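**Student:** have a look; sequence and predicted model below, questions after that.
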Amino acid sequence: MSNIKTSLSGIEYLLVCIQANPGRSQRYCLRRLYEYKHNTIDPHNGGTNCGYFTSSSYRGVLFQDVAPKNSRGRVWLGYKPKASTSQMQLTPAGHRRANAARAKIGLDPITYNDGGCI
């Protein structure tokens, strides 16, 4: 095995993670991103780098949450339906970008139907 490491950016790693693990939560992907960047376990349990999932540049464009809204969340004027946990899946644009990142590190692309994408 070669010792050469091609690094991915944070969003590229998240897209590859979501593509390989469709339906997993945001925290799962963020914990793996932290381990990738820092080579240690995330002390905040997936609470760092959460801006990737709140940014309108990425959310709804490259991935989206497909979890059913089965719980009630408190808002300042009452309650609003929300998901108890997230289930992230790639959009077609996110899938193309994830395959480009996979090619960058020498992995084969995943076909759209096999990737669990929406």
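**Tutor:** That came through fine.
**Student:** pLDDT of stretch 18-31, averaged?
**Tutor:** Per-residue pLDDT over stretch 18-31 has a mean of 92.
**Student:** please compute how far it lies from its chain's middle.
**Tutor:** 5 Å (Cα atoms, centre = their mean, to the nearest Å).
**Student:** can you pull the buried residues of that stretch?
**Tutor:** 18-20, 22, 24-31 (16 or more other Cβ atoms under 10 Å). Heads up, the C-betas are built off the backbone N, CA and C, glycines and all.
**Student:** so which residues of this protein form strands?
**Tutor:** 63-65, 71-75, 78-82, 88-90 (DSSP state E).
**Student:** in JSON lines: the ones you listed, plus mean neighbour count.
**Tutor:** Compiled in JSON lines, those are given as follows (neighbours: other Cβ atoms under 10 Å):
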{"stretch": "strand 63-65", "mean neighbour count": "21"}
{"stretch": "strand 71-75", "mean neighbour count": "11"}
{"stretch": "strand 78-82", "mean neighbour count": "10"}
{"stretch": "strand 88-90", "mean neighbour count": "23"}
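**Student:** which among the buried residues of stretch 18-31 gets closest to residue 65?
**Tutor:** residue 26 (7.8 Å; Cβ to Cβ).
**Student:** helices or strands up against the helix or strand bottoming out on mean pLDDT in the chain?
**Tutor:** The weakest-scoring helix or strand in the chain, judged by mean pLDDT, DSSP states H and E, is strand 71-75 (a mean of 74). Packing contacts for strand 71-75, counted by 3 or more Cβ pairs under 8 Å, 6 or more residues apart in numbering; DSSP states H and E, involve strand 78-82.
**Student:** could you tell me the angle between the strand it packs on and strand 71-75?
**Tutor:** 140 degrees (axes from the mean of the first three to the mean of the last three Cα atoms, to 10 degrees).
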